[in-house]
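[1] When you get a sec, could you give me coordinates for this:
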Amino acid sequence: MKNHLLLCLVLAVLESSAQDQVKKWTGAANDSQWLNTLNWEGQTLPSATDSVVLDHSFMLGAYKVVLPTVLVAIKALTIDPGPNGSIELELPAAGNLAPALQLAGSIQLLPNSQLTNRSAASGASAIQTGDSVYVYNGARYVHRSTSPHAAFLNSFSKSDTCVNGILCFDVPGTASYTLSLSNRVLGKLILQSKAAAAPRTYVATGVNPVQLKGGLEIDSNTTLSYNATSTVHVFGDFILNGILNMGPGANAIFLKLYKSWSGTGQVVESGTGNPIIEWNGTSLQDYQFKGQVKDQISLQSNNAIGISLKQPLTVNYGIRLLKGVIYSATDAPFILDSNATVLADTSVNAAYIDGVVVRKAMKGNQTYLFPIGKDKYQRWIRVKGIVGDVQLVYRKIAASSVTASIDSSLKRVSGVEYWTLTANGSGYLQTELSFNSVNSGGVTNLNALQVAYTPGWMWFNGGNEGTTGSAGASGSVWSDTLPFVSSTPLHLTLASTIKQENPLPIQFLRLYSKPLTESTLIGFTVSSTESIQSFEVEWIDVDGQAHFNEEISIVPSKYTYESSIKTFEEAIGFRVKAKKSGVVLYSSIHRFPSWYRTLDWELKLIQAGRSAPKLYCYSSLTQKAQLIIYSSFGTTIHTQRVDIRKGANIFELPIYTLTSGWYTVSVVAANGERKVVKGVVN
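    Next up, the predicted model:
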């Protein structure tokens, strides 16, 4: 009896296993119809226990499979095109069942596959699954139906392999369609109006955040009206060719962008919520948007790496600079509209605009801040009096590069920086130039600090109507009223009326070197030599100590100087010291590449009888190195720094602390080369 029962159980398992199998599409009937048995492996239709696979096992090239208008129940579905052409499974528009496709398990859409839902179902989702839906990177689910989708989206996998899987809504008809986005983590969301063949509006609400891992794309003739108080995270590219209404009512969304922003559409706000768009990436974000940001929508930069403008950016309402640099250019300027506000902490160097900044329609009775800068430092300027447009550019280069001629009332102008202002309008001009002691001028006397200006042929005294801050730190100086000609560039810089004050230091633009036969050629380029008494070249040894090499005399109008370092074997780099008006300025250290120092050396152990072995090292260069002793198991036993001098060196090893056995001694030279020897401790 027991044997008979066991046999029955085995037969039942075998029968179940035979029924629970993979069913593949052959396409032999060549008609795309699911219900045609000739299209299936074994010429039988898939059953509720079958896992259906649509792939290229039996046919190559792109193909499409159309489900019937009756209920189809299967265990699982996998669409796996591979490299041989796309595969699409479609729920037809003629069907209205809910569900029309029922699965006990999962749906897996692999790259180059598409599941299209055109069902006319209402009240419930046309697709019902008992497990997750995996829309893998390169695959897409297209909702081309007015049927509900919330329950189906609940099954969507949040796996990293689905980050760039596409969820596309292309709903027919012209009535607005509500999206279920609140608290979702999706791949790439695409909104289209192709099926509607007319303007199509999608509506979303909610208070919970939304994460779009693969990005957001809104096609032309398509509107997303988002009436919510939630944060929408767009981790992929934001492509806007349609309309994004960020606040149709009293609510407004907080849109965080982490990649590029492009398109030709519009961002609008028809309500009163004051929405915000923030750049919040961790790598440089490109702004390629050719459209418009309208109404009371604020922009916010919060990316420490920065934002690169590839198209002009016009701020209509306001912008807040929290973190990072916005890089603009002549063909992609940063534009502030007439009533736009700009919020920037002038004491923080981490947020500013590097490049061309334009302020439209300035009103002469107002003061306008331009938070511009370069090379990690904000060098803001304020302007008032102009009626019209003003363009400003900050240039981190010596003012003498514009002209070396200076009015007799001035003793020097900045050797580091100047601003270029081009006004297209009327009125008068007053400017407030900022200073930062180390990075913009070594300001030591506020009374002697002046604003200087030039149309291009001579630096004139622009006066000192008042200052802020303190000498040796940060602050600003206001000019007197300055002359200007509409549409003609006017250059501005800091200047001093006393030779012994406000050194306004030079900038070392370039340091370079080149190996010679018995020495090293070194060179440097400076922004200005004004008020410089001399340069001194110092070579740097392996301990980081500086040593005098040569003094170089100043040659008028010469900005590049060269010298050579004779002590080649000991030098690892050089720096330049400049003496200017009693102040000593240093360049950074230029390190020679390791291949300059051709290292010829050898390493071996010396052991006489049973005495403790010693390490012998011959080196062609004096250098610092690290000595490491490893056990026979590879464990580090001892580490120490050693000074290897040119020629023969013998080092005592701490053998007395070691037990008997094999050991490995490794020496790592300053240039990274490693020598290894092995020995025995008795």
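
[2] Mind telling me what element Ser301 is part of?
    strand 298-302 (DSSP states H and E).

[3] partners of the helix or strand following that strand in the sheet?
    Read in the C-terminal direction, the helix or strand following strand 298-302 is strand 307-309, with elements assigned using DSSP H and E. If you go by DSSP bridges, strand 307-309 pairs up with strand 285-289 (parallel), strand 318-327 (parallel).

[4] Which residues does strand 307-309 contact?
    By Cβ atoms under 8 Å, 6 or more residues apart in numbering, the residues outside strand 307-309 that reach it are 279, 284-287, 301, 324-329, 332-334, 355. All C-beta atoms are positioned from the backbone trio N, CA, C, and that covers glycine.

[5] Could you do stretch 29-47 as well?
    Stretch 29-47 has contacts (Cβ under 8 Å, 6+ apart) with 19, 23-28, 52, 58, 63-68, 70, 72-74.

[6] for that stretch, which positions count as buried?
    Going by neighbour count (16 or more other Cβ atoms under 10 Å), the buried part of stretch 29-47 is 34, 36, 39-41, 45-46.

[7] Pull the distance from that stretch to the chain's centre.
    Relative to the centre of its chain, stretch 29-47 is centred 50 Å away, using Cα atoms, centre = their mean, to the nearest Å.

[8] again with stretch 228-246
    Using Cα atoms, centre = their mean, the distance between the centre of stretch 228-246 and that of its chain works out at 19 Å.

[9] what's the span of stretch 191-208 from first residue to last?
    Distance between the two ends of stretch 191-208: 20 Å, counting by Cα to Cα, to the nearest Å.

[10] returning to that earlier point: of the contacts of stretch 29-47, keep whichever come out buried.
    When those are checked for burial by 16+ other Cβ under 10 Å, the buried set is 23-25, 27, 52, 63, 65-68, 72, 74.

[11] Output those in TSV, with distance to Ile381, pLDDT and secondary structure appended to each entry.
    Listed next are the buried ones among the contacts of stretch 29-47 as TSV, based on distance: Cβ to Cβ, whole Å; pLDDT from 0 to 100; DSSP: H, G, I helix; E, B strand; the rest coil:
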residue	distance to Ile381	pLDDT	secondary structure
Lys23	72	96	strand
Lys24	70	97	strand
Trp25	69	97	strand
Gly27	70	95	coil
Val52	68	98	strand
Tyr63	64	97	strand
Val65	65	98	strand
Val66	66	98	strand
Leu67	66	98	coil
Pro68	71	97	coil
Val72	69	97	strand
Ile74	69	97	strand
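
[12] out of those, which one sits closest to Arg379?
    Proximity to Arg379 was ranked across those by Cβ to Cβ; first place goes to Tyr63, at 62.3 Å.

[13] beta partners of that closest one?
    Ile87.

[14] OK, contacts around it?
    Counting by Cβ under 8 Å, 6+ apart, Tyr63 makes contact with 27, 32, 85, 87-88.

[15] try it again with 10 Å
    When contacts are counted by Cβ atoms under 10 Å, 6 or more residues apart in numbering, Tyr63 is found next to 25, 27, 30, 32, 54, 56, 81, 85-88.

[16] And it, how far from Ala571?
    If you measure Tyr63 against Ala571 using Cβ to Cβ, to the nearest Å, the figure is 71 Å.

[17] next one: Lys24
    Here the distance between Lys24 and Ala571 works out to 72 Å (Cβ to Cβ).

[18] Equivalent analysis for Lys646, please.
    From Lys646 to Ala571 the distance is 13 Å (Cβ to Cβ).

[19] neighbour count winner among the two?
    Higher neighbour count among Lys646 and Ala571: Ala571, with 24 against 14, using other Cβ atoms under 10 Å.

[20] Give the closest residue to that one in space, chain neighbours not counted.
    Closest residue to Ala571 apart from its sequence neighbours, by Cβ to Cβ, 6 or more residues apart in numbering: Trp539 at 4.2 Å.

[21] hang on, isn't that neighbour packed against Lys577?
    No - here Trp539 does not reach Lys577: they are 11.8 Å apart, not a contact under Cβ atoms under 10 Å.

[22] Quick check: buried residues in stretch 317-335?
    Counting neighbours by 16+ other Cβ under 10 Å, one finds that the buried residues in stretch 317-335 are 317-328, 332-335.

[23] Now do the same contact list for the residue nearest to Asn274 when sequence neighbours are not counted.
    Sequence neighbours aside, Gln296 is the residue nearest to Asn274 in space, at 5.3 Å (criterion: Cβ to Cβ, 6+ apart). Listed by Cβ under 10 Å, 6+ apart, the contact partners of Gln296 are 246-247, 252, 268-269, 271-275, 316-318.

[24] Can you give me the pLDDT of Gln296?
    Reading off the per-residue confidence, Gln296 sits at a pLDDT of 94.

[25] Now do the helix or strand containing Val358: distance to the chain's middle.
    Element membership of Val358, judged by DSSP H and E, is strand 356-362. Once both centres are worked out by Cα atoms, centre = their mean, strand 356-362 turns out to sit 27 Å from its chain's centre.

[26] What of stretch 102-120?
    Here the centre of mass of C-alpha atoms in stretch 102-120, compared against the chain's by Cα atoms, centre = their mean, lies 35 Å away.

[27] Now do the strand ranked longest in the chain, average pLDDT.
    Longest strand in the chain, counting residues (DSSP state E): strand 418-436. Across strand 418-436, the average pLDDT comes to 94.

[28] what's the angle between it and strand 356-362?
    90 degrees (axes from the mean of the first three to the mean of the last three Cα atoms, to 10 degrees).

[29] can you give me the helices in this protein?
    Using DSSP state H, the helices of the chain run over 2-19, 150-153, 437-440.

[30] what's the closest non-adjacent residue to Gly123?
    Of all residues not flanking Gly123 in the chain, Ala98 sits nearest, at 6.0 Å (Cβ to Cβ, 6+ apart).

[31] now the one you found: how far from Ala126?
    Looking at Ala98 against Ala126, where the rule is Cβ to Cβ, the gap reads 6 Å.
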